[in-house]
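Peer 1: let's see this in three dimensions:
(one chain, ligands or ions: 2)
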Amino acid sequence: MPCMSRRRGRIFAKEPRSAQGNQLSAATMHSASLRGPIVKSPLPETLCLSCGLCCDGTLFRDVELQPGDDTAKLRAHGLPIPFAAPRGSRFSQPCAALCADLKCRVYADRPARCQQFECAVFKAVASGAVELPAALKTIRQTRQMADKVRGLLRDLGDVRENVALAKRFKHVKRKFDAGELPAGLNAETAYDCFAELSLAVHELDLRLRAKFYPIGD
Ligand code: SF4
Ligand code: SF4
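Peer 2: Ligands and ions are numbered 1, 2, ... in the order given. Reported below is the predicted structural model:
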């Protein structure tokens, strides 16, 4: 099938199951994996196909490959899998296999991390601790928060939509720290926009930590 569900990796948080940590302002980003039992539960479709945050570069910045992953197949599907370092290598997010409708184009062959990952929202609904409508509201609000960050990054000249949010913010911050302001903006506007971006990133990080990163990772 062309697309099914997807997987995840985190961005503004601690080190999860896939390796590398990330850091975003006061946050920490990472990479990670995806959700598990997808076929038997309706949750992946109900929740995950309304979300995509663990595949689109919001929660994670990359996916760490595991020994059993079929890298040849994943490459054939168009994922940018490095040829060197077969163990411990990663591919970046936003994932090239994430479709516009939030399905995973390589679902049947998705990496182990993607198969294993379930965010805290997912687990809470699965356990009955959180009602589905409340979870969908959380997802909707969080996607809006991520969209706000993307918009502010664009306002500040970073239009790299194929790069994870944490990396983009880090890049913009580095430029401001070096006194390199975006072209086309006066200094006051640029700094105001950067302040708004920093706050938006912080709020997103808090939300991801509170609601999405699995407890105990
Ligand atoms: S392969 Fe990509 S789109 Fe599919 S589940 Fe993994 S990260 Fe998500
Ligand atoms: S609900 Fe959780 S597991 Fe599902 S797509 Fe969103 S972040 Fe990923």
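Peer 1: make it CA atoms for all contacts and neighbour counts henceforth
Peer 2: Will do.
Peer 1: need the residues of this structure near ligand 2, please.
Peer 2: 8, 35, 44, 47-48, 51-54, 118-119, 121-122 (Cα under 6 Å from any ligand atom).
Peer 1: in strands only, show me the residues you listed.
Peer 2: Among the residues of the chain next to ligand 2, no member falls in strands (DSSP state E).
Peer 1: among the residues you listed, name the buried ones.
Peer 2: 8, 35, 44, 47-48, 51-54, 118-119, 121-122 (16 or more other Cα atoms under 10 Å).
Peer 1: of those residues, closest to T189?
Peer 2: In terms of Cα to Cα, no member of these lies closer to T189 than L53, at 29.8 Å.
Peer 1: restrict the helix or strand encompassing R75 to CA atoms and write it as PDB.
Peer 2: Using DSSP states H and E, R75 sits within helix 71-76. C-alpha atoms of helix 71-76 as PDB (Å, rounded to 0.1, in the frame of the first residue of the first chain):
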ATOM      1  CA  THR A  71      18.200  -0.200   4.400                       C
ATOM      2  CA  ALA A  72      18.100  -1.300   0.800                       C
ATOM      3  CA  LYS A  73      14.400  -1.300   0.700                       C
ATOM      4  CA  LEU A  74      14.200   2.000   2.600                       C
ATOM      5  CA  ARG A  75      16.700   3.500   0.100                       C
ATOM      6  CA  ALA A  76      14.600   2.100  -2.800                       C
END
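Peer 1: buried ones in it?
Peer 2: 71, 74.
Peer 1: quick check: what element follows it along the chain?
Peer 2: strand 90-92.
Peer 1: quick one, phi psi at the residue at the greatest distance from the centre of the chain?
Peer 2: The C-alpha centroid of the chain is most remote from N186, which lies 31.6 Å away (Cα atoms, centre = their mean). Backbone geometry at N186, expressed as degrees, to the nearest 10, gives phi -70, psi 160.
Peer 1: check contacts around R168.
Peer 2: 153, 158, 160 (Cα atoms under 8 Å, 6 or more residues apart in numbering).
Peer 1: between these, which is nearest ligand 1?
Peer 2: Nearest to ligand 1 among the contacts of R168 is R160, at 18.0 Å by Cα to the nearest ligand atom.
Peer 1: name the element E196 belongs to?
Peer 2: Going by DSSP H and E, E196 is in helix 187-211.
Peer 1: ok so, going back, look up how far ligand 1 lies from the residue farthest from the centre of the chain.
Peer 2: N186 is 38 Å from ligand 1, where distance means Cα to the nearest ligand atom, to the nearest Å.
Peer 1: in this structure, which spans are helices?
Peer 2: 43-47, 71-76, 112-116, 120-127, 132-155, 165-177, 187-211 (DSSP state H).
Peer 1: just say which of these is most tucked in.
Peer 2: Of all the helices of the chain, helix 112-116 has the most neighbours on average by mean count of other Cα atoms under 10 Å, namely a mean of 22.
Peer 1: now the contacts of R168 as a markdown table including pLDDT and distance to E64?
Peer 2: Shown next, in a markdown table, are the contacts of R168 (pLDDT from 0 to 100; distance: Cα to Cα, whole Å):
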| residue | pLDDT | distance to E64 |
| --- | --- | --- |
| L153 | 98 | 26 |
| D158 | 97 | 26 |
| R160 | 97 | 22 |
